[in-house]
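**Student:** Using only what follows, build the 3D model:
(one chain, ligands or ions: 2)
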Amino acid sequence: MTDTPKGLSRNVANYGDRDFALYLRRSFAASMGYSRQALEKPVVGIADTASDYNNCHRSVPELKDAVKRGVMMAGALPLAFPTVSLCEPSLTPTSMHYRNLMALDTEAMLSAQPMDAAVLIGGCDKTVPAQLMAAASADIPCVMLVTGPMLAQRFEGERLAACTDCRRYWARYRAGDVSADRIGEIEGKLATTAGTCGVMGTASTMACIAATLGFMPLMAASAPAVHADRLRLAEEAGATAVRLIANPIRPSQLITAKSVENALRVLLALGGSTNALVHLTAIAGRAGVTVDLKRLDALSEETPVLVDLKPTGDGYMEDFHAAGGMVALLRELRDLLHLDTIDLHGRTLAEQIDAGTPFVDRTYIRARAEPVSPVGGLVSLFGTLAPDGAILKRSAATPALFETEARCLVFDGLADLAARIDSDDLDVTPQDILILKNTGPLTPAGMPEAGYLPIPKKLARAGVKDMVRMSDCRMSGTAFGTIVLHITPEAAAGGPLGLVETGDRVRLSVKDRRLDLLVEEAELARRRAAWTPPARPRRGWDRLVFDQVLQATEGADLAFLRPDGE
Ligand code: FES
Ligand code: MG
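**Tutor:** Residues are numbered from 1 along each chain as shown. Ligands and ions are numbered 1, 2, ... in the order given. So this is what the prediction gives:
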């Protein structure tokens, strides 16, 4: 044993007299009613992300109580602390703009406060990535506990859950197919229990990735938020954190080139969210592991989509859980995975898979011989429009549009899009490519989920369901369509996307993995000379983001938060 200080003796405040600092800390802690005996225990910090703004975290108080129970039964002192909490629909300009703030806040609190291990309670899209980024940088033993997915609601012979059904109904409303009264009624039926979105959106994809990386048990990725198992998982998370104090396994031991590659395989086999790629890249980057889009593409060619959940398929997360969840999925992928990666207990992935139940419902988790798709859900594209890459979720796209060369209709930013997309005199045909620029990580828009450009109203009314759409922003993990995202470099960073004008011809070739702007170099040079870079925000977080944010293909982290600091 080393004599590294434990519990409240860690991270002593600096008053120039260590013993006095400890004396002061204990006396203030005692003012909260803790006994001397309690204050001598090792400490498990609990990142408490309950917030009245975060519906997806509504169950956090209950989970926190169960974590505390687990910690105390295992002989340590649980101390919960608040951090930034981010809920998708509650933040402007977008939750993504604040993911790195939550990561920074969480890392600072994990590092500055006295704790020997931590349980991170997250769930909504940006919270789990932020917490894993923080864990990687603080590098103290951390257990991830997600709030878990909501249950779908039965409604008039179908099931509804956030938020693929939200989009489906909204598209029908825009097409004039669903009335204003009806859309108002459905609004109250889309999200009816605690928990994260009930489909394979970003939150669910990130939960599966966190489990694959080893930060929580495999079945914890999908156990419903309201199920008693979720509380037992919380209790177990507390106990695991205490075990980690004596037998530390640090985030840097979990986030490795091999485990990140396993996570990419899982992302592909799930037909998971495109956002998860940005987040996984950022998490890996904190541990010095690079995610390369060309490698992703190679993995995608040999990794089948096996999970049949919305937004690309039929089921909800509760179906995935009942069908065998991550254990069943990883068994199918076995020969494609690095089986020697470990979890927080030091168990190899092979051991984790073999420990699970053999039951599988093939409706939702397919056998390798009968995949949903023989190839993975994502492809990466490169070309004169995206020199550093872009991405397309082919599992959510229309194959008939995979090879498209067409005239493009360009929107300069979100305001321009909102002002013109629904006007009756918009010069647009179903064959055109819609392009949105100035929405990347560097812009005040903050890389929002606006990549799912609405079908212009006049075309939607005529029955058009999909068109090729392109941008430097993201789309929701619960969305679908032939949508090219994360074009890098973004328009605001001086990328070719910033030079595209309405009427230019653009070519998408999924077969060749190309995305090209068919404009003469001389003309582009003329436009480049006239291009003006965006203004630097005057102050605050926006300014820090502007000065430091990396491009989407690098995870859109802040440069100074990466291990090399640049
Ligand atoms: Fe929180 Fe979807 S809004 S997970
Ligand atoms: Mg989402």
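
**Student:** Check what contacts stretch 348-367 and list those residues.
**Tutor:** For stretch 348-367, contacts defined as CB atoms under 8 Å, 6 or more residues apart in numbering pick out 214, 217-219, 262, 304, 306-309, 313-315, 319-320, 322-324, 327-332, 334, 337-343, 347, 370, 372. For glycine as for every other residue, the C-beta is placed from the backbone atoms N, C-alpha and C.

**Student:** give me the low-pLDDT residue ranges for the chain?
**Tutor:** Along the chain, the model assigns pLDDT under 70 to residues 1-3, 357, 566.

**Student:** can you give me the strands for it?
**Tutor:** 43-48, 77-82, 117-122, 142-146, 153-155, 158-160, 378-383, 386-393, 403-411, 433-436, 469-471, 483-488, 505-509, 514-517 (DSSP state E).

**Student:** Up against ligand 1, what does the protein have?
**Tutor:** Neighbours of ligand 1 within the chain, by CB under 6 Å from any ligand atom: 56, 87, 88, 124, 125, 162, 163, 196, 197, 201, 203.

**Student:** Quick check: the farthest pair among those?
**Tutor:** The span of those, defined through CB to CB, is set by 87 and 201 at 13.5 Å.

**Student:** the more surrounded of those two?
**Tutor:** residue 201 (29 against 21; other CB atoms under 10 Å).

**Student:** which residues does the more buried one contact?
**Tutor:** With contact taken as CB under 8 Å, 6+ apart, residue 201 is in contact with 125, 163, 164, 273, 311, 476, 477, 478.

**Student:** what's near enough to touch the first one?
**Tutor:** Listed by CB under 8 Å, 6+ apart, the contact set of residue 125 reads 86, 88, 95, 196, 201, 202, 203, 206, 275, 477.

**Student:** Next: the fifth one.
**Tutor:** For residue 311, the residues meeting the contact criterion (CB under 8 Å, 6+ apart) are 164, 167, 199, 200, 201, 396, 477, 478, 479, 480.

**Student:** Skipping adjacent residues, who's closest to the fifth one in space?
**Tutor:** Just to be clear, that refers to residue 201. residue 477 (3.5 Å; CB to CB, 6 or more residues apart in numbering).

**Student:** So that neighbour sits against residue 271, correct?
**Tutor:** No: counting by CB atoms under 8 Å, residue 477 does not reach residue 271; the two are 10.1 Å apart.

**Student:** what's the straight distance from one end of stretch 47-65 to the other?
**Tutor:** Using CA to CA, to the nearest Å, one end of stretch 47-65 lies 12 Å from the other.

**Student:** meant to ask about stretch 69-86, not that
**Tutor:** Stretch 69-86 has an end-to-end distance of 26 Å (criterion: CA to CA).

**Student:** what does this protein put close to ligand 2?
**Tutor:** When proximity is defined by CB under 5 Å from the ion, the chain lies next to ligand 2 at 125, 201, 202, 476, 477.

**Student:** do that again at 8 Å, thanks
**Tutor:** Residues of the chain lying close to ligand 2 by CB under 8 Å from the ion are 88, 125, 163, 197, 201-203, 273, 275, 449, 476-478.

**Student:** most surrounded residue in the residues you listed?
**Tutor:** Most surrounded of the residues of the chain next to ligand 2: other CB under 10 Å gives residue 203, at 34 neighbours.

**Student:** Contacts only, for the residue nearest to residue 201.
**Tutor:** 125, 197, 199-205, 272-276, 311.

**Student:** just residue 307 next, same as before
**Tutor:** Here residue 307 is in contact with 200, 269, 270, 271, 313, 320, 329, 364, 365, 366, 372 (CB under 8 Å, 6+ apart).
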